[in-house]
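1. only the shape, not the letters, is given here:
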């Protein structure tokens with residue numbers, strides 16, 4: 001079965017700054033096809049952060065772009081990873097086991113950079129990072145807009161998947177996320193709510209917090225969390 005839909009739901013283009021230019025693109029062969037890494041490198045990296053995209057969008061998602069813009073100056077190399085199905089131009093994400101198979105060889109390539117590895121992603125990409133965290137050799141997991149359950153189906157909880165990595169985990173979640181609000185999450189992972197935001201971290205125009213401020217909040221929260229990790 002295909003992965004559960006996880007719409008990127010981005011804010012309008014005129015409300016999001018243009019993304020940074022990647023420092024290079026690397027293709028990695030996987031059992032699911034070729035994946036692509038877009039590098040946003042720190043000059044002297046303390047860690048590498050590998051981020052996957054959701055099932056309804058790609059690495060152009062505003063939260064991923066915001067982190068690629070902010071973190072390299074904080075000593076974090078950001079690697080935005082396009083899963084093989086997106087590289088191949090397909091419209092529908094494959095089953096979770098295929099997503100995982102397309103992720104682990106990429107993680108191996110990221111680990112070869114040398115600095116400690118943090119894995120993560122948004123929505124379906126966060127699920128992949130959690131499912132494979134223990135096998136990846138990562139030191140921590142970043143879950144952006146983790147889809148705790150399908151919309152309107154809280155009984156289909158994925159809390160076991162979220163906690164399964166057994167690694168320090170940061171969850172960044174919109175307060176209005178239909179896939180799970182911050183109040184629904186269990187104790188354990190550190191959680192940062194984004195006021196007024198939906199699953200794609202988009203805010204209504206009536207919100208007192210502007211869209212750029214919401215993305216700045218996400219960038220600052222992730223940077224502070226990474227700074228507090230024991231990266232060696």
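-> The structure has been received and is ready for your questions. The structure displayed is predicted, hence computed values, not measured ones. Numbering: from 1, shown residues only.
2. got any ranges where the protein has weak pLDDT?
-> Counting by pLDDT under 70, the chain shows low-confidence ranges at 1-19, 21-23, 232.
3. helices of that one, start to end?
-> Listed in chain order, the helices found in the chain under DSSP state H are 62-70, 84-87, 96-111, 124-136, 159-163, 211-228.
4. how about a markdown table for the ones you listed, with distance to residue 175 and mean neighbour count added?
-> All C-beta spots, glycine's among them, are computed from the backbone N, C-alpha and C. Conversion of the helices of the chain to a markdown table gives the following (distance: least, CB to CB, whole Å; neighbours: other CB atoms under 10 Å):
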| stretch | distance to residue 175 | mean neighbour count |
| --- | --- | --- |
| helix 62-70 | 15 | 24 |
| helix 84-87 | 28 | 22 |
| helix 96-111 | 27 | 20 |
| helix 124-136 | 17 | 24 |
| helix 159-163 | 18 | 16 |
| helix 211-228 | 10 | 18 |
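5. would you mind giving the ones you listed as JSON lines with distance to residue 42 added?
-> Written out in JSON lines, the entries for the helices of the chain read as follows (distance: least, CB to CB, whole Å):
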{"stretch": "helix 62-70", "distance to residue 42": "11"}
{"stretch": "helix 84-87", "distance to residue 42": "25"}
{"stretch": "helix 96-111", "distance to residue 42": "13"}
{"stretch": "helix 124-136", "distance to residue 42": "20"}
{"stretch": "helix 159-163", "distance to residue 42": "28"}
{"stretch": "helix 211-228", "distance to residue 42": "11"}
